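1. Need a 3D model of the sequence below.
(chains A and B)
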Protein chains: 2
Amino acid sequence: MKKEENFSEWYNDIIERADLCDKRYPVKGMNVWRPYGWRAMQLIDSLIRREMDATGHQEVCFPLLIPKTEFDKEAEHIKGFNQEVYWVTHAGDNELDVPLLLRPTSETAMYPMFSLWVRSHSDLPLKVYQIVNTFRYETKQTRAFIRMREIHFFEAHTCHTDFEDAERQIKEDLEIMERIAKDLCLPYIATRRPDWDKFAGAYYSIGIDTLMPTGRTLQIGSIHQYRTNFAEAYDIKYETPEGEHRHVHQTTYGMSERLLGAIVGVHGDDKGLILPPAVAPIQVVVVPIFKKESRETVEKEAEKVAEELMEGGLRAHLDMRDFRPGYKFNDWEMRGVPLRVEIGQRDIEEGQVVLARRDTMEKTSVSRGDMVEKARQLLEEIAENLRSVAENYMCGKIKTIRDISEYEEGTIGRIPWCGSPDCGHEIEDALDVSTLGTPVEEEDVGGERCPVCGGEAKTWLYIAKTH
Amino acid sequence: MKKEENFSEWYNDIIERADLCDKRYPVKGMNVWRPYGWRAMQLIDSLIRREMDATGHQEVCFPLLIPKTEFDKEAEHIKGFNQEVYWVTHAGDNELDVPLLLRPTSETAMYPMFSLWVRSHSDLPLKVYQIVNTFRYETKQTRAFIRMREIHFFEAHTCHTDFEDAERQIKEDLEIMERIAKDLCLPYIATRRPDWDKFAGAYYSIGIDTLMPTGRTLQIGSIHQYRTNFAEAYDIKYETPEGEHRHVHQTTYGMSERLLGAIVGVHGDDKGLILPPAVAPIQVVVVPIFKKESRETVEKEAEKVAEELMEGGLRAHLDMRDFRPGYKFNDWEMRGVPLRVEIGQRDIEEGQVVLARRDTMEKTSVSRGDMVEKARQLLEEIAENLRSVAENYMCGKIKTIRDISEYEEGTIGRIPWCGSPDCGHEIEDALDVSTLGTPVEEEDVGGERCPVCGGEAKTWLYIAKTH
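-> Model (predicted):
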């Protein structure tokens, strides 16, 4: 299956063959997480937990069901989600007095409680997060990990004394994003979405987008500054040291199983997945290679090799299945295991093993004594290589253009912009693209002019086709 | 708050004060997991995962929503759950063609997929599990962790070639239960439920019950032998080596957040929680004790103490809050931290620390060099003590009786039984108790007679009031 020829087919095929998920579940847009895929997702979750814990966020778990009465409190938010929510109307034979909705995101579940939890300035900042599944009735074509109706979801919610402290939180979120993306070997651009495309209820939204091999961007994270929009709707107030009562300023930070979708899409090749070592359920697979007469010796030694790798803190797996080595090689390559150890009779005699990289397919022999250290080093090199290949690919697709006609299909356009929504919409309409937004880290735009109105450009605008 | 005087009030009070959950969420029977409670639950989950992984089960995650068409396939199962399910009937403004229900348990979500996954004898045994929330519209009075409408749930599902292999699975499940209960310091009795109280769709059910301080038992686990009941309804078949097609035999094993409810109820005392070390989010809390002039020295040393404990692999927390030591002692005792380290100026001078046990409230001084080892040892002793106190309490409440009139309120009755359902029902009705069932590990009943019909007893029957 050629990734470049038909990405969509390649993607759909590989996620099932690699045992990430099963799409045959009898509800459209809701897949079954298979053991291998679920393990990879849990490893991604554990990276998120690591970052959250290190930055003083506390993990909570809120109920799935939200009463309509609470959902109805923030008008913009309702508008954004009203058409996407699943409604629970009955229990047993009874019609419920108040219909309940499945959380599409948890603002309206959490904020009634925040108004009870936050009393005084000493309760702030409040920083909580949860990793749960959310539900959105997608009308567009669904796609595993990328556009689902049941979504494995991470959401952090914070409350602050003032706008500036909330802004500091957003800066922290961007740093967290950087560390997580580094582990996932995913390049991204962080842009402030235009006002016409911000999150329902937000003061402003930052989108984190990566580029898929389709030439379309995929949003893999979002950070929202709510200011006091929700605090006013949900009456979340604190008492200042001076005895005044003020609304808190809020932020949220969200990511989802799209991180896994991006990993599959960005790193995979015609042989299958290539998993970044940080989230590979199996980092090193050990394959014994033997003729009939050496089987026992080789298998015994292979066991020792796997043990040594595990003792060295690596997620190693010994493949003792009754298949030919070539079959096993293909199988683990397809599943994206970043490193393979081969060991045969001759290797044993020479006190060595063969290490085979999944990314470059290079093989090297190393002495047994150096194996663990070398494996660790290669895993780092593999991560570094995945990062730089993906980074180069994406950067090569960001094209600065000064006229609408210069935009190339399959690229991310970077275009000078006067800041007027009218000009923004005209660019979108003319090219049938979406506006990602303006770069979070300022980029000099001195002397440039908006290609629509000819006015002075205030910022660069990123545009792309999106997933 | 006195636990013995009013258990129910004590329980409701302590779980909120100890920050396990918040019951003020605006949907009845659905609570918010607070950080401390969620951490304890995650530690319980990690014990379950440890056992599942060690016994070759694979973790999966199935969708929450089940189409009515799949739910409707096993008649007994529907009968059991029909009145308890939440129905999703609409999405956005649209009425769904097929109503979807929130999983009350996942047989009807999983088994349509099992019929695709199982083809050949070489696919068996299939052993999967998931840890998810389930939903049951409880009509009885709800209670945190014990009777909820959203339930944090563990469920293992297995498929086997024949009845005997499924029976071996059940034996393995019982061994897993034993290891988990040991870590949670919970005594239990395992009984085969009478036919009139087995799980909807099961061939037989085993209940795992512990005894709460109310004198009522609490079911904390269940294991079901399905035989081919579900396999027939969902057409789960495999091909034998001889080319025959046969239905698989199935089992399930379930536990839930009730494990945490049992921990709270069984181990707690008037001062608050006592958490078993294996699942205590904080195993050792370090409290510096100082006068103004020694503050800096003591706090610095307390930091080192906490670091040493963490390096020793213990979950330690340093309490640097600006409160008096007495307040902190009470606070951490209330939250059930099993061990406290106190360190003051005098201790530093003498190169020692004070260790205070939460269970017995005993204090001992140990030299700094022995601290980590001694802490580890004390945590084991605490676990051992919690286990034996709880075991003694429960065993003391199991009363063998030979006449119905001998049954005492607040005990578990052990009564000879002829095996006839009529006699069983008569015992239940006369005493207003439930039948737990017959012991899974056979107990000699030679020469005993059924107190209802006077016939020869075939087994002992355990009866109790239940939560």
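2. drop to CA atoms for contacts and neighbour counts, all remaining ones
-> Will do.
3. most centrally placed residue in chain A?
-> Among the residues of chain A, the one closest to the centroid is A:Leu259, at 2.3 Å (C-alpha atoms, centre = their mean).
4. Spit out the contact partners of A:Glu448.
-> Taking C-alpha atoms under 8 Å, 6 or more residues apart in numbering or on different chains, we find A:Glu448 in contact with A:416, A:456-457.
5. I should have written A:Met320 there, sorry.
-> Neighbour list for A:Met320: A:287-288, A:299 [criterion: C-alpha under 8 Å, 6+ apart].
6. ok so, going back, got the contacts of A:Glu448 as JSON lines, with secondary structure columns?
-> Converted to JSON lines, those look like this (DSSP: H, G, I helix; E, B strand; the rest coil):
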{"residue": "A:Pro416", "secondary structure": "strand"}
{"residue": "A:Glu456", "secondary structure": "strand"}
{"residue": "A:Ala457", "secondary structure": "coil"}
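7. part of a helix, is the residue nearest to the centre of chain A?
-> Yes: per three-state DSSP, A:Leu259 lies within a helix segment.
8. Taking the stretch 101-250 of chain A, what residue is nearest to chain B?
-> A:Tyr137 (6.3 Å; C-alpha to the nearest C-alpha).
9. my read: that residue touches B:His90, true?
-> No: in this structure A:Tyr137 lies outside contact range of B:His90 using C-alpha atoms under 8 Å: 9.8 Å.
10. Name all residues that sit in contact with these two at the same time.
-> A:Tyr86.
11. Contacts made by stretch A:25-33 with the rest, please.
-> Stretch A:25-33 is contacted from outside by A:20-24, A:142-144, A:147-150, B:60-63, B:65-67, B:112-113, using C-alpha under 8 Å, 6+ apart.
12. just the buried members of those residues?
-> A:20-23, A:143-144, A:147-150, B:60-63, B:65-67, B:112-113 (16 or more other C-alpha atoms under 10 Å in any protein chain shown).
13. Which of those residues fall in strands?
-> Mapping the buried ones among the contacts of stretch A:25-33 onto strands (DSSP state E) picks out A:21-22, A:150, B:65-67.
14. Low-confidence regions, chain A specifically.
-> Within chain A, not a single segment meets pLDDT under 70.
15. So which bits of chain A are right by chain B?
-> Proximity of chain A to chain B, by C-alpha under 8 Å from any C-alpha of the partner chain, involves residues A:24-27, A:30-35, A:38-39, A:58-63, A:65-67, A:82-93, A:112-113, A:137, A:150.
16. One more pass at 6 Å, please.
-> Within chain A, the residues that sit near chain B (C-alpha under 6 Å from any C-alpha of the partner chain) are A:32-35, A:58-62, A:82-88, A:90-92.
17. Excluding residues flanking it in the chain, which one is nearest the residue nearest to the centre of chain A?
-> Excluding the flanking residues, the one nearest A:Leu259 by C-alpha to C-alpha, 6 or more residues apart in numbering or on different chains is A:Ile220, at 5.8 Å.
18. The regular element (helix or strand) spanning A:Val128 packs against which elements?
-> Element membership of A:Val128 [criterion: DSSP states H and E] is strand A:126-135. Strand A:126-135 sits against strand A:58-59, strand A:150-160, with contacts defined as 3 or more C-alpha pairs under 6 Å, 6 or more residues apart in numbering or on different chains; DSSP states H and E.
19. Show me chain A divided up by domain.
-> Chain A breaks down into these domains under automatic domain parsing: A:7-267, A:282-380, A:400-464.
20. could I get those as JSON lines with distance to B:Pro439?
-> Supplementary listing: these in JSON lines, determined by distance: least, C-alpha to C-alpha, whole Å:
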{"stretch": "domain A:7-267", "distance to B:Pro439": "34"}
{"stretch": "domain A:282-380", "distance to B:Pro439": "41"}
{"stretch": "domain A:400-464", "distance to B:Pro439": "65"}
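21. Please list only the buried members of the residues of chain A next to chain B.
-> Listed as buried from those are A:32-35, A:58-62, A:82-88, A:90-92; burial here means 16+ other C-alpha under 10 Å.
22. Cross those against strands and list the overlap.
-> Within those, residues falling in strands by DSSP E are A:32-33, A:58-59, A:86-88, A:90-91.
23. Now the two most distant members of these.
-> A:Gln58 and A:His90 (33.7 Å; C-alpha to C-alpha).
24. what about the residue of chain A positioned farthest from its centre, is that helix, strand or coil?
-> In chain A, counting by C-alpha atoms, centre = their mean, A:Glu293 sits farthest out from the average C-alpha position, at 48.2 Å. State at A:Glu293, reduced to three classes by three-state DSSP: helix.
25. right, and the helix or strand after the lengthiest helix in chain A?
-> The residue-count maximum for a helix in chain A (DSSP state H) belongs to helix A:371-397. Using DSSP H and E, the next helix or strand after helix A:371-397 towards the C-terminus is strand A:398-400.
26. Now do that following strand: everything it contacts.
-> Under the criterion C-alpha atoms under 6 Å, 6 or more residues apart in numbering or on different chains, residues A:411-415 lie in contact with strand A:398-400.
27. again, only this time at 8 Å
-> By C-alpha under 8 Å, 6+ apart, the residues outside strand A:398-400 that reach it are A:407, A:411-415.
28. Can you show me the helices along chain A?
-> Residue ranges of the helices in chain A, as given by DSSP H, are A:7-17, A:35-54, A:68-71, A:75-81, A:107-117, A:163-184, A:229-234, A:258-267, A:295-311, A:325-334, A:345-350, A:371-397, A:421-431.
29. want to throw these into CSV with distance to B:Lys399?
-> Below are the helices of chain A laid out as CSV (distance: least, C-alpha to C-alpha, whole Å):
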stretch, distance to B:Lys399
helix A:7-17, 56
helix A:35-54, 46
helix A:68-71, 51
helix A:75-81, 58
helix A:107-117, 46
helix A:163-184, 58
helix A:229-234, 55
helix A:258-267, 56
helix A:295-311, 50
helix A:325-334, 58
helix A:345-350, 65
helix A:371-397, 59
helix A:421-431, 79
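30. Pick the most deeply packed of the ones you listed.
-> Greatest average neighbour count among the helices of chain A goes to helix A:258-267 (a mean of 22), per mean count of other C-alpha atoms under 10 Å in any protein chain shown.
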